[in-house]
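Enquirer: for reference, the sequence and a predicted model appear below.
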Amino acid sequence: MEVSSVNEGFPVIPLHTEMDKVYYEYICEHIRNVRKAYTRYGGILHKVFTGAKQSHMKQRVWIHDTSKFSISEFQPYRKFFYPEESELGIVKDEVKAEFRDAWKHHYTNNDHHQEHWSAQNGMMSDEAIFEMILDWLAMSMYFESDCREWFDVSDEKKEMNPHVLEKVERALTAIGM
Ligand SMILES: [Zn+2]
């Protein structure tokens, strides 16, 4: 079994099936892209998010999405996005319900999602917005899509606190998007 280099800091977890490995690799690739996005755009984004400490952002980028490797998230996400041939018979509602719980676990434990801040009216901290944008940039690297185009039609935008939206707009403009 191929596991990612320990130097990259990815947790080693049991991978039983082919799709487990595919999904594991997907998470690692995503985290690598978040790190790349920080290397590429961090300098500019630090000028926009002046309240974000560099040492904190480095730490955030390093541990980004680590909870995706947890028992609460790994299998439910994997079954939802990367089902095995043999799992296609599983009741879809069951898979969806498990995924909903896993997503709730994810945003409860990760403040780079606006859902985490619902009790604060969606008013996210600068560091959380910064990390959220790196998350989107990483996604657009993976899917080779345009971050701004995606954002403009996204549900993320529709649900966003206006103060957060204003900062997001400023940040995307600053990095030329
Ligand atoms: Zn996340």
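Expert: Received the coordinates, thanks.
Enquirer: residue numbers of this structure in contact with the ion?
Expert: Those residues of the chain that sit near the ion, judged by C-beta under 5 Å from the ion, are D65, N110. Where you see a C-beta, it was placed from the backbone N, CA and C, and this is true even at glycine.
Enquirer: mind doing that once more with 6 Å?
Expert: Within the chain, the positions near the ion by C-beta under 6 Å from the ion are D65, H106, N110, H112, H113, D135.
Enquirer: mind checking which of the residues you listed land in helices?
Expert: Among those, DSSP state H puts H106, D135 in helices.
Enquirer: would you format the residues of the chain next to the ion as JSON lines with distance to F143 and pLDDT included?
Expert: As requested, those are exported to JSON lines (distance: C-beta to C-beta, whole Å; pLDDT from 0 to 100):
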{"residue": "D65", "distance to F143": "16", "pLDDT": "97"}
{"residue": "H106", "distance to F143": "19", "pLDDT": "98"}
{"residue": "N110", "distance to F143": "20", "pLDDT": "98"}
{"residue": "H112", "distance to F143": "18", "pLDDT": "98"}
{"residue": "H113", "distance to F143": "18", "pLDDT": "98"}
{"residue": "D135", "distance to F143": "13", "pLDDT": "97"}
